[in-house]
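In: Here is my input; please provide its structure:
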Amino acid sequence: MADITLDMMEYSSDALAQAAYVTDGYGSDVTSGETYTESKYDTSASSNLYDGNVSTYWRLLSYTSSDYCKIQYASAKTIAKYTMQAADSTQTAYYWAAWTLQGSNDNSDWTNVDVVTGQSFTDSEKKIFYVDTPTSYTYYQFIAISNAQAHAFMGEIEMMEANLQCHSESTIKTQGSYSLKGVGAAQDTYGELAISFDGADEATTLTAETGQTVTFGGTAQLDTAQYKYGTSSLLLDGNSDYVTVPDSDDWAFGSGDFTIDMWVRFTGTINSYATLFDHYTDANNFFRLTSGDGATLGQLFLYIRDAGTFEVNTSSDTALVADTWIHIAIVRSGDTFKMYQAGIEVATADVSSDYSMPNLTSVFTIGFNNAIRYWNGWIDAVRITKGTALWTSAFTPPTSLYALGGSLNKTLTKTF
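Out: Next up, the predicted model:
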């Protein structure tokens, strides 16, 4: 759960409430045991969407127009995140291509909560979606549109609340009711790139939470047997596997601060020069995080080579440990680059304060470098954050996947 730093607080009463603070995260799925209805169906009711079984499904009766499936809560819910999982292999060609999630408090006047278009799904593929402005509603409905091939199927839907909590000093608890309004930014939010690697086992297609297409190379695939968060992680076999995302100005860092962080794991002995990421233009211009060899096997090396000169060439003093999920972070703050393992600083390198990194024009590669060196193991929760040094000293690694991105603008009322 991510802390919120409040820039402004307003109270309807009670100055003592200034000791209050807000935390932000996601709760568990809240679809089970509610009231379900639908516009129409052929042989399967929309309750199948919420039964935890991807082999059951709801099927659109009409694929030339749209149908809806509706969920009614006993009390209003503030949905901030939801997942859509395609039906199993028997219906793999027929899926929802687009939908609108709407909310209502009277089952009559509906407000668009999220509008999604241009979707495609593989067998049992699971995707995550986030609501930009979570609002409390008693009724939610998905208005779904087929991919126009046939009667479209969806296997499972999960819905999660914004899980906002108000915490206060004990002296406030006798002060009655008050309203707390906070405007702030989440500490653990999406950056310019965020890849949860959540999906069906052995899946080889994925879209990052930040919208980029993730391209799988070799036999790279998602694996539900190991993961740090969610339901799966990226599995790389160490001899042919990697994934890429297209080049972007979002990771042309220049002279600014940035953070790249991820979780990694391997079993047995790590490969020589096993690579976690590589942004490579040519042999004289690249940005790379890779393991060592021989006496330095398992220690991580950070390289920035710019016009043939190594501007950063530093390595960790602590080898990675097998069979353990380890948080790795590369951070630039001003004129200092730091490497962290499990929240502990293990390497540092200084550059001139105005040093501008090269604008590397190539795909950003995870699990492989141009010298044909592969990572053998798992990678999860990759994130690139431009313009912010998320950590500048020892820290506790994140305990949950990226929280709500952007800013928080919520009014909460709490009675003690």
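In: does residue 295 count as helix, strand or coil?
Out: helix (DSSP: H, G, I helix; E, B strand; the rest coil).
In: Could you check how far it is from residue 345?
Out: Distance of residue 295 to residue 345, computed by C-beta to C-beta, to the nearest Å: 22 Å. (Glycine included, C-beta is placed from N, CA and C.)
In: Between these two, which has more neighbouring residues?
Out: residue 345 (18 against 7; other C-beta atoms under 10 Å).
In: The more buried one contacts residue 338, correct?
Out: Yes - counting by C-beta atoms under 8 Å, residue 345 touches residue 338, with 5.6 Å between them.
In: Let me see the domain layout of the chain.
Out: Recorded structural domains for the chain (assignment: automatic domain parsing) are 2-25+164-188+406-415, 35-161, 193-386.
In: weakest of those domains in terms of mean pLDDT?
Out: Among the domains of the chain, domain 2-25+164-188+406-415 carries the lowest mean pLDDT, a mean of 36.
In: just to revisit the earlier point, with distance to residue 392 added, can I get the domains of the chain in CSV?
Out: What follows is the domains of the chain, written out as CSV (distance: least, C-beta to C-beta, whole Å):
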stretch, distance to residue 392
domain 2-25+164-188+406-415, 13
domain 35-161, 28
domain 193-386, 5
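In: Verify the contact between residue 397 and residue 344 for me.
Out: No - the pair residue 397 / residue 344 is not scored as a contact, 9.7 Å apart, by C-beta under 8 Å.
In: Compare neighbour counts for these two and give me the winner.
Out: For residue 397 versus residue 344, neighbours defined as other C-beta under 10 Å are more numerous around residue 397 (18 against 13).
In: Give me the pLDDT value at the more buried one.
Out: Reported pLDDT for residue 397: 90.
In: Now do the residue lying closest to it once chain neighbours are set aside: how many residues are near it, please.
Out: Spatially, and ignoring its direct neighbours in sequence, residue 397 is nearest to residue 327 (3.6 Å; C-beta to C-beta, 6 or more residues apart in numbering). Neighbour count for residue 327, taken as other C-beta under 10 Å: 20.
In: Also the one 10 residues further on?
Out: Neighbours of residue 337 under the rule other C-beta under 10 Å: 23.
In: mind listing what it touches?
Out: Shown in contact with residue 337 (C-beta atoms under 8 Å, 6 or more residues apart in numbering): 302, 304, 312, 314, 330-331, 348-351.
In: Report the two of these separated the most.
Out: The two members of those with the most space between them (C-beta to C-beta) are 330 and 350, at 14.7 Å.
In: Those two: which is more packed in?
Out: With neighbours defined as other C-beta under 10 Å, residue 330 and residue 350 compare such that residue 330 has more, 22 against 12.
In: Look at that one and tell me its secondary structure.
Out: Secondary structure, three-state DSSP: residue 330 is strand.
In: Okay, and the beta partners of residue 301?
Out: Counting by DSSP bridges, residue 301 forms beta bridges with residue 290, residue 315.
In: What about it, how many residues nearby?
Out: As a burial measure, residue 301 scores 20 neighbours (other C-beta under 10 Å).
In: Can you name the residues bridging to residue 215?
Out: Beta-bridge partners of residue 215, as defined by DSSP bridges: residue 205, residue 244.
In: what separates it from residue 204, distance-wise?
Out: Residue 215 sits 9 Å away from residue 204, taking C-beta to C-beta as the criterion.
In: Repeat that for residue 130.
Out: Separation of residue 130 from residue 204 (C-beta to C-beta) stands at 24 Å.
In: circling back: quick one: which of the contacts of residue 337 has the most company?
Out: Neighbour tally across those (other C-beta under 10 Å): the maximum, 24 neighbours, falls on residue 304.
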